[in-house]
Structure formats: C-alpha cells, structure tokens
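Q: Just a sequence and a predicted model for now, questions to come.
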Amino acid sequence: MKAFVKTLFGDSRNIAGVALIVIMGVALTGLGHPGWAVFAMPAAGLGVVAWLAQH
Amino acid sequence: MDWPAFLPLFLTASVEWVEAFTIILAVSLTIGWGASLGAAAAGLATLAALTALTGGALSLGLDLHAIQFVIGVFLLLFGVRWLAKAIARQAGLKPLHDEDAEFRDTQARIGNGDWFAAWLVAYKGTLLEGLEVWLVVVAFSLHSQAWVSNATAALAALLVVLLAGLAVRAPLRRVPENAIKFVVGAMIVSFGTFWTLEALAGDVWPLGDWSLLVLAVFFLAGGQALVPLVRGRPRRVAA
C-alpha cells in the first residue's frame, strides 16, 4: 500500500514542491493576474525541479 | 490517432515496461518462465481493469475543469519527480539506473523465498511499474478522449520491450533510460503546467496549444542548464 501511494504522489518533498506551483497559480489567478501565472508557474516548476534534484 | 501524445506516451511506457521486464526476467530464473509471465499477466489484467473502471467513472458527470485540474496536478507530481531524478543522475548526484543491479537485487530477494513470494514479486513489479503507465494514459485520455490511441501507444511500447527483451534475454541496459526520462519528464511537466493553469484560468496561454511546445523547450533547456549548477553543489541528504 505504501509503495502504491508513493507511486501515485511521490515523497513529501515532491508533494510540497507541486503544492507550491499550484498555490502560485491559484493565487495569481485569484488576484486577477492569470497572465503572470503563464510565466510564474513554469519558472516555479523549474525551481522545484532544481530543489528536488539536490535532495 | 492522437500523434502529439503518442510519442511521450510510448517513451514513458517503454521505460516502465523495461523495468517491469527486468523484474520478471529475474523471477523467471527462480520459478520459470510460465509462472513468471503468468504473474505479469495478472498484474497487467489488474491494470486493465483499473483503467476501464477509472476511465468510465471519471468520464461520467464530472466537471471538465475539475478533471483537468486533477490531471494537471498528477502530471506535475509525476513529471517534476522524473525530471529531477534525470538531472540528478546526469549531474552524477545519483547513480544511473542500473538494470543489472535491479536484476541481481530481485534475484537476491527471492533467493530464499518460496514460490508464491517469487510470484508476488513479479506481480507487484508489473503492477507498480504499469501503474505509472496507467496514470499517464488516463490523464492524457481524459483530456483528449483519445483512449484507443493512447492505450495503443502504451501497448505498442509493451510489445516492443517484450520482443526486444525476449530477443536479448538479458537486462535491457542498452536502453538509454536517463535520456528518455529527461525528455519525458520535461514533456509531462509541460503538460501538467499547461493543464493546471488552463483549468484554473481558462484560455490564458498566449499561443494556445502551441504553448506546450514552448513549455517543453523551456523545461528541456532549463533542465540541461541545471545539470552543471546542481553538480557543483553537494547533495543534501535528510537526517
């Protein structure tokens, strides 16, 4: 079961990183700046990838 | 056929099937080809049932944006993991995935076990590796409704790996797994980013679907740029 869950969601760092990307998209859209999210979300995604690669 | 999705699906599935085949091969040396392939078939049957059930349930009466959001987040969860691992491996922070080592580990694990334990190893290996294929097939299919095309890509990869594996009858170390994971990871993160924001904000991507190409180039180039940067830093290990 643990292996199944980990396959679906990854570890806690993976979940935290993706949560950051999604929250950024939700916040910018909610604040009325979805156009900014077009640039912010990919940048955040690459940042998360860099962070995960070091752990 | 949904050709833009075919290649990433085929490559993703190929990597996972290679890993599953390595486990099946190792188990076959203990309990024989028939039982080992039987366990793999049981794993694949479980996956097929899962795909049919999930596809049917999710296709009925759910808000498209909600589905797209969930799919986007799942692809991000999956894609950032793959891309980060590929970068860490290319930077030398993690050992390259070694099918020979996996083969030896599997043999060692089942060496002292009984027949059923060995069968379970093959079943579980096929199920868990195939689960990643299932995730991507369902995600792509719910968006494009190209269930047949996407399932064909995954099955074509299975067939190619099976034929290649049976031909060489050895761990498939010649498949450049890390390079494939790098490309597929970048593609999946691109799809995940695109669909998540589209679900949240509608048609905000400046180039429409072509933005996917720009995103893929961004993550591929960005990932390559990260390799020397990550290589220069000592790897942090959790206490």
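A: Ah, there it is.
Q: center of chain A - which residue?
A: By Cα atoms, centre = their mean, the mean C-alpha position of chain A lies nearest to A:Val18, the distance being 2.2 Å.
Q: show me the contacts for A:Val38.
A: B:197, B:204-206, B:211 (Cβ atoms under 8 Å, 6 or more residues apart in numbering or on different chains). Every C-beta, even on glycine, is put in place using the N, C-alpha and C of the backbone.
Q: nope, B:Leu200 is what I meant
A: If a contact means Cβ under 8 Å, 6+ apart, then B:Leu200 has A:25-26, A:29, A:34, A:37, B:69 as its contacts.
Q: what's the helix or strand for it?
A: helix B:177-201 (DSSP states H and E).
Q: which element follows the least confident helix or strand in chain A by mean pLDDT toward the C-terminus?
A: Every helix and strand of chain A was ranked by mean pLDDT, DSSP states H and E. The lowest is helix A:2-9, at a mean of 70. Per DSSP H and E, helix A:2-9 leads on to helix A:12-30 as the next helix or strand towards the C-terminus.
Q: Go through stretch A:18-38 and flag the buried ones.
A: For stretch A:18-38, a neighbour-count test (16 or more other Cβ atoms under 10 Å in any protein chain shown) marks A:18, A:21-22, A:24-26, A:28-29, A:34, A:36-38 as buried.
Q: Relative to B:Ala86, which of the residues you listed is nearest.
A: Checking those against B:Ala86 with Cβ to Cβ, the nearest one is A:Val18 at 16.9 Å.
Q: and chain A, which of its residues are near chain B?
A: Within chain A, the positions lying close to chain B (Cβ under 8 Å from any Cβ of the partner chain) are A:3-4, A:7-10, A:14-15, A:17-18, A:21-22, A:25-26, A:29, A:34-35, A:37-38, A:41-42, A:45-46, A:48-55.
Q: Just the CA trace of stretch B:21-35, in CSV.
A: The C-alpha trace of stretch B:21-35 is given here as CSV (Å, rounded to 0.1, in the frame of the first residue of the first chain):
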residue,chain,number,x,y,z
PHE,B,21,10.6,-6.9,-17.7
THR,B,22,13.8,-6.9,-15.7
ILE,B,23,12.0,-8.0,-12.6
ILE,B,24,10.0,-10.6,-14.5
LEU,B,25,13.2,-11.9,-16.0
ALA,B,26,14.9,-12.3,-12.7
VAL,B,27,11.9,-14.0,-11.2
SER,B,28,11.7,-16.4,-14.2
LEU,B,29,15.1,-17.8,-13.3
THR,B,30,13.6,-19.0,-9.9
ILE,B,31,10.1,-20.1,-10.7
GLY,B,32,10.3,-20.5,-14.5
TRP,B,33,9.0,-18.5,-17.5
GLY,B,34,5.4,-19.8,-17.3
ALA,B,35,4.8,-18.7,-13.7
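Q: remind me which residues of the chain are low pLDDT?
A: No chain specified, so I'll use chain A. Low-confidence segments of chain A, defined by pLDDT under 70: A:1-4, A:7-8.
Q: wait, I meant chain B there
A: Checking chain B against pLDDT under 70 turns up B:26, B:29-30, B:51, B:54-64, B:67, B:96-115, B:117, B:168-177, B:233-239.
Q: Do a quick rundown of the helices in it.
A: Taking DSSP state H to define them, one finds helices in chain B at B:3-59, B:64-90, B:99-111, B:115-144, B:147-168, B:177-201, B:211-231.
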